[in-house]
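**Student:** Here's my sequence, what's the structure:
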Amino acid sequence: MGQQDAKHNPLDLFSSFFGGGKDSQMLDEKAWQAVMGLPLFAGMDAAERGRLRELAIRLLADKAFSGAGGIEVDAGMVTAIAAFAALPVLNLGYSWYEGWREIVIYPGEYLYDGEQMDEDGIVHHVRHARSGEAMEGGPMVLSWQDVEHSGLGEGFNVVIHEFAHKLDMRNGSANGRPPLHSGMSPAGWAHDFQAAYDNLFHRVGGGEETLIDPYSTESPAEFFAVLSEYFFEAPDVLQQEYPAVYGQLARFYRQDPLARLQTE
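**Tutor:** Just a heads-up that it's a prediction; the model follows:
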């Protein structure tokens, strides 16, 4: 997703996670005001912005931010990340992000070299560039170049994507179904997501240029994470393409970004 050459493997740099990086930081007021001016946050009222700020401050205090690949992490960078990350849990609460600590930031895309299990349970050795990664029970890795391209209302947000994976992992390995709230139907969730996934998979396979990023068809876990990006960044697109999924995400995140967009 990013545009910088991949040169590093985050798994080779665990010593820098704990030795040479930044620890928890304070919110940078100038950066906060700049981020709040992005299209992603348009339509939020004063109460919502207040809750968002409180969640961002808590995340900054709770997580340790480290630089890798030669990048120097500063307060402005972590403030932007915290603002994006706070949005999905605006009405869920910070406890959804507990249980892990580190966020590692690369200048751009980095090289992942390791093993990956497919949907059939077969493990493959893979080597490819990534713009982010959420490790079950462990660190999160983000490309700063991709963070800088987030928040523009274009359906892309690497921070929301990776934090959606973390939400998905609250009940085990990422599989596209996070812990659902009381009153939400697991069968309804599975039906609506599967129907949308199958539809997009066949459209992409047929060579159609789709409004939704084709990367979402890599797996149910990626489908949930990518559609979470669209839910917040381009809710009109998601509502147009897959209204049933929009409804499921509105119930899960307890938000209606399309309504906020329409107030502008």
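**Student:** Pull the contacting residues for residue 201.
**Tutor:** By CB atoms under 8 Å, 6 or more residues apart in numbering, residue 201 lies in contact with residue 217. C-betas here are computed from N, CA, C, even on glycine.
**Student:** measure it to residue 237 for me?
**Tutor:** Taking CB to CB, to the nearest Å as the measure, residue 201 falls 18 Å from residue 237.
**Student:** next one: residue 256
**Tutor:** For residue 256, the distance to residue 237 (CB to CB) stands at 15 Å.
**Student:** just residue 252 next, same as before
**Tutor:** 18 Å.
**Student:** Mind checking which of the two has more residues around it?
**Tutor:** residue 252 (21 against 18; other CB atoms under 10 Å).
**Student:** The more buried one sits in which helix or strand?
**Tutor:** Following DSSP states H and E, one finds residue 252 within helix 243-253.
**Student:** Same check on residue 207?
**Tutor:** Short version, using DSSP H and E: residue 207 is in no helix or strand.
**Student:** For residue 67, list each beta-bridge partner.
**Tutor:** Beta bridges link residue 67 to residue 105, judged by DSSP bridges.
**Student:** Quick one: mean pLDDT for the helix holding residue 252?
**Tutor:** For helix 243-253, the mean per-residue pLDDT is 98.
**Student:** for it, the distance to its chain's centre please.
**Tutor:** 16 Å (CA atoms, centre = their mean, to the nearest Å).
**Student:** Which neighbouring elements make contact with the next helix or strand after that helix?
**Tutor:** Going down the chain from helix 243-253, the next helix or strand is helix 257-262, by DSSP H and E. With contacts defined as 3 or more CB pairs under 8 Å, 6 or more residues apart in numbering; DSSP states H and E, the packing partners of helix 257-262 are helix 235-241.
**Student:** what does the helix it packs on contact?
**Tutor:** For helix 235-241, contacts defined as CB under 8 Å, 6+ apart pick out 155, 196, 210-212, 227, 230-231, 245-246, 249, 257-258, 261.
**Student:** Contact partners for residue 136?
**Tutor:** 169, 173-174.
**Student:** where exactly do the helices run in the stretch 101-250 of the chain?
**Tutor:** 144-148, 158-168, 186-205, 220-233, 235-241, 243-253 (DSSP state H, counting those that start in this stretch).
**Student:** can I get those helices in a markdown table with distance to residue 29?
**Tutor:** Converted to a markdown table, the helices of the stretch 101-250 of the chain look like this (distance: least, CB to CB, whole Å):
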| stretch | distance to residue 29 |
| --- | --- |
| helix 144-148 | 19 |
| helix 158-168 | 20 |
| helix 186-205 | 39 |
| helix 220-233 | 23 |
| helix 235-241 | 28 |
| helix 243-253 | 27 |
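**Student:** where does the stretch 1-150 of the chain have low pLDDT?
**Tutor:** 1-24, 109-132 (pLDDT under 70).
**Student:** mind running it again at 80?
**Tutor:** 1-25, 108-132, 134-135 (pLDDT under 80).
**Student:** Now do the strands in it.
**Tutor:** 64-67, 102-106, 110-117, 123-130, 132-134, 140-143 (DSSP state E, counting those that start in this stretch).
**Student:** Can you list the buried residues in the first one?
**Tutor:** Pointing back at strand 64-67 there. Residues of strand 64-67 classed as buried by neighbour count (16 or more other CB atoms under 10 Å): 64-67.
**Student:** There's contact between residue 160 and residue 234 in this structure, I believe.
**Tutor:** No. In this structure, residue 160 is not within contact of residue 234 by CB atoms under 8 Å, at 11.5 Å.
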